[in-house]
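Undergrad: give me a model of this one.
(2 chains)
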Amino acid sequence: MSTRVLLHVGTPKTGTSYLQDVLFRNQETLKDAGILYPAERFDSHFLAALDLLRLPWGGLELDAHGLWERTAAAVRAWPGTAIISHEILATASRTQVVRALSSLGHPDVELHVVLSVRDLVRQIPAEWQENVKHRRVFTFHEFLEAIQDPDRAGPIASWFWGVQEIPYILDRWAADLPPERVHLVTVPAPGGPPDLLWERFCEAFGLTDLDLDRASERTNPSLGSPETALLRRINLKANHEVLPLRYRPLVRELLAHQTLSRRSDSPRLTLPPQVHPWAQELAGAWIDEIKARGYHVIGDLDDLVGPPPTQPYVDPDQPAEAEVADAAVDAIRALLRENGRLLGVEEELNSQLEETRQALERSYLRPSYLARERIVRKLDSNRVGQWLLGLYRFGRGRSSRSA
Amino acid sequence: MTDRRAWGWVRHLQQGGTTPWADWTGTAEPQGAVVPGAQQLELVRRLNLAGVPGPRLVARVLAAGAPGRGQPDLELVGAARESRFGPRPVDPATVPDDELLRVAVGILAEDVVARGLPAPPKEGRPRPWRRHYELHGDPELVAPIRAYLVARGRPPGGGNPVHVILATDLGRMLAHVWTARAFGSGLPAWRGWLRTVERHGSLPAPIDPLVAARTRTAHAPTNRIHVVFDRDAVPPLLGVRRLPEPQPELAAEAPDLARRISGVAGLLVPDDQRKALMRRTVRPLLAGEPGRPLSVPEEHHGWLRDHAARITDGLSRAGYAVHGDPAVLAPVRESGVGAPAPRSTLALAIRMMLAAQSGVDTTDEEG
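TA: Predicted coordinates:
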């Protein structure tokens, strides 16, 4: 039985990919320090979360079968501290939370819930962008309308608030935990020291004194406004032609992460100025609630207020066409390069196939084989011959189908 | 008081009650840490209205999470504590059927996995003198014929086979492709899928007889390829005297429920097992459900007529043997269901849940 479980349940776009990669790559170092991060692959906890939440995810869920219970079993069997981390856990329902906590040994284990949080001013555009990187085609304006609807009726709003509304997430995940076991890690305001968020994570997870390899390349980089607009247009045109399992490597990874995210000079995606007051009013209510509940805050709750409006505001629904075209040229260049690489792979495979074929033909050139082949072909061309062949095969006891 | 009222309703539902939440006034002591969600409670009420769910089924529904994306577990209006956060509490009677279906489908997927696979279909000993053949085309037309022949010792394959491509009107074939895939790895809802296919511009390969024929040309001489629009022409091509009776069309709700179950079953068992369960366990359970079949709404008939003309022209140019009149490809106006209604699919799901608890099918007919 673990002595202590640290369960990191969200939120998206708060440096979670980087944290999870560092934890994954340093499993041995962590083990030496008595900390278990039970993951066979980088995205093990994502898959375990899909399994717990029974959440289809474009086919990725097919690898998730039974993974939550296996992960929980590893945690239960570990005699020290264990960490589980994935941001989509934030969306778990109350019944799913009860099952998750029970499977981890709650209430017989010292369980802590960690929630990393960032201001809505940055989270709202980031969530829309994340939606676009998952094939969605609604505009930023439509997204803003959906999440501001008080009824939260549609899928956009229910998902957004499920993973972003801090008091609501903790209502579900920490309803029966003492507040000192609930840790909020705030993402620093823009322009802060680059290591500050990592230091806060280290404090939350007890990693401060460990010498961890932090050379991670696994981040979830952001796109600019015209790049996101381009991606949305690509989704509109190509969604029905690109299978979900191909979309991830080709569009999300190659185009978005490896190509368009590197265009750092373009206007950033930001919250429209007129939406700021609403977002800040919400942030104020959340801050009051968090203070009232007495959770352990690592960082500064004022980080949740967010930066002031950007001037001038660049609307991704009405982007500068020249900037979109420029991004599109970069995208085409990346696709050409990737196509060139794949053509090289194809040529290499064809060459290997040709060598194999020639070797096979050499073995077929034996006169006895050629004679038998002629006979079979002759017999196969008429019904009597086919019947005789069937009889022969039946008599020989081999498969009824010809090779 | 409000919490006790909610627990009173839970108890009422556990005892088979059907009173809507809005009319409920009784109270009871809490049975757990949290009151089950409005979706789960309303689903139990609907089960009570439709039959007699046992205590185990009721307990499973009340403890179930709703798989997939949608509303979180919702609290009962008038019972939830005041909160500025989270979704608004609701009257369970107003929860959309799609949300109730999410909960139901999670239970049904578990039932299907627990039920497992039936005994494999019998395969007759291959007859040495059988005609070598391959069947292609409309999956709903092909599958029963192939199964019939395999059971009688006539499996497909063999040297120099005759290729028989079965086709009918394009609207019906589209519905058949969607149906077949619904009993596979699952897929989007019918209308959304139709729109995607139309935007894509080309028909799914199995139901484009011209594409099917051209594909076979690479492996077989043209005179071994037969495109068949008239079912009566099939027996002589396959060297048999008769074919099985055509299988009845499924009610539109059946594949709609199947695709939803398949989506969740993929999280419970490996993919190949999921597909086998969907075809061999779920399909027979749904085969006898009454109801009108799916049909393609008329707004899509225009582009299907264009495809029908293209295929007819292509077949005559290519010189394949055509049996029957290619004019049948043109979509016809049908009295089917243009889009399965969530309410009907939910009713079917409830019947399946009630049947599963007593270990009997919703139908006495095996498909």
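Undergrad: show me the longest strand that occurs in chain A.
TA: The residue-count maximum for a strand in chain A (DSSP state E) belongs to strand A:110-117.
Undergrad: point out where the stretch 1-150 of chain A drops to low pLDDT.
TA: A:1 (pLDDT under 70).
Undergrad: show me the strands in it, by range?
TA: A:4-8, A:35-36, A:81-85, A:110-117 (DSSP state E, counting those that start in this stretch).
Undergrad: to chain B, which of those strands lies closest?
TA: strand A:110-117 (13.7 Å; C-beta to the nearest C-beta). (Each C-beta comes from the backbone N, C-alpha and C, glycine too.)
Undergrad: list the buried residues in that closest one.
TA: Residues of strand A:110-117 classed as buried: A:111-117 (neighbour count, 16 or more other C-beta atoms under 10 Å in any protein chain shown).
Undergrad: burial of residue 288, as a residue count?
TA: With no chain named, the answer covers chain A. Around residue A:288 sit 13 other residues, with neighbours defined as other C-beta atoms under 10 Å in any protein chain shown.
Undergrad: chain B was what I was after
TA: With other C-beta under 10 Å as criterion, residue B:288 counts 17.
Undergrad: SS state for it?
TA: Of the three states, residue B:288 takes coil according to DSSP: H, G, I helix; E, B strand; the rest coil.
Undergrad: any idea how far it lies from residue B:351?
TA: 11 Å (C-beta to C-beta, to the nearest Å).
Undergrad: re earlier: export the buried residues of strand A:110-117 to a markdown table and append columns for distance to residue B:155.
TA: Formatted as a markdown table, the buried residues of strand A:110-117 follow (distance: C-beta to C-beta, whole Å):
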| residue | distance to residue B:155 |
| --- | --- |
| A:111 | 57 |
| A:112 | 60 |
| A:113 | 58 |
| A:114 | 58 |
| A:115 | 58 |
| A:116 | 58 |
| A:117 | 61 |
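Undergrad: determine which two of those residues are furthest apart.
TA: A:111 and A:117 (19.3 Å; C-beta to C-beta).
Undergrad: got the contact list for the closest residue to residue A:269 other than its chain neighbours?
TA: Distances taken as C-beta to C-beta, 6 or more residues apart in numbering or on different chains place residue A:125 nearest to residue A:269, at 4.3 Å, with adjacent residues excluded. Residues near residue A:125 by C-beta atoms under 8 Å, 6 or more residues apart in numbering or on different chains: A:140, A:269-271.
Undergrad: repeat that with 6 Å
TA: A:269-271 (C-beta atoms under 6 Å, 6 or more residues apart in numbering or on different chains).
Undergrad: with distance to chain B added, can I get the buried residues of strand A:110-117 in TSV?
TA: Putting the buried residues of strand A:110-117 into TSV (distance: C-beta to the nearest C-beta, whole Å) gives the following:
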residue	distance to chain B
A:111	15
A:112	19
A:113	16
A:114	19
A:115	14
A:116	18
A:117	14
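Undergrad: output the lowest mean pLDDT helix or strand found in chain B.
TA: One helix or strand of chain B scores below all others by mean pLDDT, DSSP states H and E: helix B:190-200, with a mean of 89.
Undergrad: residues of that helix that come out buried?
TA: B:190, B:193-194, B:197-198.
Undergrad: flag every residue of chain A that's near chain B.
TA: Applying C-beta under 6 Å from any C-beta of the partner chain, we find that chain A lies next to chain B at A:54, A:56, A:61-62, A:93-96, A:152, A:155, A:158, A:162, A:165, A:167-168, A:240, A:380, A:387, A:390-391, A:394, A:400-402.
Undergrad: which of these are buried, as a ChimeraX select command?
TA: In ChimeraX syntax, the buried subset of these is picked out as below (16+ other C-beta under 10 Å):
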select /A:54,56,61,62,93,94,95,96,152,158,162,165,167,168,240,380,390,400,402
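Undergrad: pull the contacting residues for residue B:286.
TA: Counting by C-beta under 6 Å, 6+ apart, the residues that residue B:286 touches are residue B:254.
Undergrad: what is the mean pLDDT for stretch A:253-269?
TA: Per-residue pLDDT over stretch A:253-269 has a mean of 93.
Undergrad: for it, measure first residue to last.
TA: Distance across stretch A:253-269, first residue to last, is 19 Å (C-alpha to C-alpha, to the nearest Å).
Undergrad: list the buried residues in it.
TA: So stretch A:253-269, judged by 16+ other C-beta under 10 Å, has buried residues A:254-257, A:259-261, A:263, A:266-267, A:269.
Undergrad: show me where the stretch 301-403 of chain A has helices.
TA: Secondary structure of the stretch 301-403 of chain A (DSSP state H, counting those that start in this stretch): helices located at A:321-364, A:367-380, A:383-396.
Undergrad: from the contact counts, what lies against the longest one?
TA: So the one you mean is helix A:321-364. Applying 3 or more C-beta pairs under 6 Å, 6 or more residues apart in numbering or on different chains; DSSP states H and E, one finds that helix A:321-364 makes contact with helix A:225-238.
Undergrad: list the contacts of the helix it packs on.
TA: Residues from elsewhere that reach helix A:225-238 (C-beta under 6 Å, 6+ apart): A:129, A:132, A:135, A:137, A:256, A:260, A:263, A:266-267, A:269, A:314, A:316, A:319, A:323-324, A:327-328.
Undergrad: do stretch B:18-26 as well
TA: By C-beta under 6 Å, 6+ apart, the residues outside stretch B:18-26 that reach it are B:8-9, B:45, B:48-49, B:76, B:91-93.
Undergrad: OK, contacts around the residue in the stretch 1-150 of chain A positioned nearest to chain B?
TA: Nearest to chain B, among the residues of the stretch 1-150 of chain A, is residue A:54, at 3.3 Å (C-beta to the nearest C-beta). The contact partners of residue A:54, by C-beta under 6 Å, 6+ apart, come to B:67, B:264, B:267.
Undergrad: please flag which of those residues sit within helices.
TA: residue B:264 (DSSP state H).
Undergrad: which of the contacts of residue A:54 come close to chain A?
TA: Restricting these to those near chain A - C-beta under 6 Å from any C-beta - leaves B:67, B:264, B:267.
Undergrad: what's the closest non-adjacent residue to the residue nearest in space to the middle of chain B?
TA: Centroid check for chain B by C-alpha atoms, centre = their mean gives residue B:255 as the closest residue, at 1.7 Å. Spatial nearest neighbour of residue B:255, chain neighbours left out: residue B:182 (3.7 Å); criterion: C-beta to C-beta, 6+ apart.
Undergrad: so that neighbour makes contact with residue B:258?
TA: Yes: if you go by C-beta atoms under 6 Å, residue B:182 and residue B:258 touch, sitting 4.5 Å apart.
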